[in-house]
Every structure is written in structure tokens, then in C-alpha cells.
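Asker: Quick one, structure for this:
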Amino acid sequence: MPVQFVASCELPTQFGKFVMHGFEDPDTGQEHVALTFGSVANQAGVLCRVHSECLTGDCLFSMRCDCGPQLQGAMSAA
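Answerer: This next block holds a predicted model:
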């Protein structure tokens, strides 16, 4: 899946200051986001987590899934 870079911005969180990078799939229009913490250039062993979108778990704190706590755990490990 080829994606195109759109923009980056700072994202201050309770876990620290991340940089949010936006991408778009030109074929489908689907948007993707990558969060980075600190420099990842020329680093060996960069911590990485792939997270699927889960509105109810990530934003609304639903108890039906553990998506929110998994995302928070990954961000706090940065």
C-alpha cells in the first residue's frame, strides 16, 4: 500500500511530547497516523506498536475491549 506524507505536528500528551505524522493512501483516501517520540533516525531497536483504530476503546473508554489501555501502555513506554 503506497501512502503519501501529508503533514506533521507536535502532540503533547500525559506521556510526553510526541510528533504526529499524517499519511494518506491516494488510492482509497484512507488516512493513517504515526506517532514518534524523540529521534528515530539511525536508531537500532526502535520500539514500535501497530494499533488499529478503535473509537469506543481509545476515545470513549469502553470496557468491551482493551484497546485504550494497550495504546496507553505503549505510549507510556516511549
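Asker: Against which helices or strands is the longest helix that the chain contains packed?
Answerer: In the chain, taking DSSP state H as the definition, the longest helix is helix 67-76. Helix 67-76 sits against helix 55-58, with contacts defined as 3 or more Cβ pairs under 8 Å, 6 or more residues apart in numbering; DSSP states H and E. Where C-beta positions appear, they are placed from N, C-alpha and C, glycine not excepted.
Asker: try 10 Å this time
Answerer: Here helix 67-76 touches strand 4-13, strand 16-24, strand 31-36, helix 55-58, going by 3 or more Cβ pairs under 10 Å, 6 or more residues apart in numbering; DSSP states H and E.
Asker: how much does it deviate in direction from strand 4-13?
Answerer: Angle between the axes of helix 67-76 and strand 4-13 is 90 degrees (criterion: axes from the mean of the first three to the mean of the last three Cα atoms, to 10 degrees).
Asker: So which bits of helix 67-76 are buried?
Answerer: 67-68, 71, 74-75 (16 or more other Cβ atoms under 10 Å).
Asker: pLDDT added to the residues you listed, as a markdown table?
Answerer: Below are those laid out as a markdown table (pLDDT from 0 to 100):
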| residue | pLDDT |
| --- | --- |
| Cys67 | 88 |
| Gly68 | 88 |
| Leu71 | 89 |
| Ala74 | 90 |
| Met75 | 92 |
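Asker: Name the nearest of these relative to Gln14.
Answerer: The shortest approach to Gln14 among the buried residues of helix 67-76 belongs to Met75, at 8.5 Å (Cβ to Cβ).
Asker: Please list all residues in contact with the closest one.
Answerer: Counting by Cβ atoms under 10 Å, 6 or more residues apart in numbering, Met75 makes contact with 13-16, 18, 35, 37, 49, 51.
Asker: let's see 7 Å
Answerer: 13, 15 (Cβ atoms under 7 Å, 6 or more residues apart in numbering).
Asker: From Ala7, how far off is it?
Answerer: Met75 sits 21 Å away from Ala7, going by Cβ to Cβ, to the nearest Å.
Asker: for Thr13, same thing?
Answerer: 18 Å.
Asker: and what of Gly16?
Answerer: According to Cβ to Cβ, Gly16 stands 21 Å off from Ala7.
Asker: do the same with Gly29
Answerer: 16 Å.
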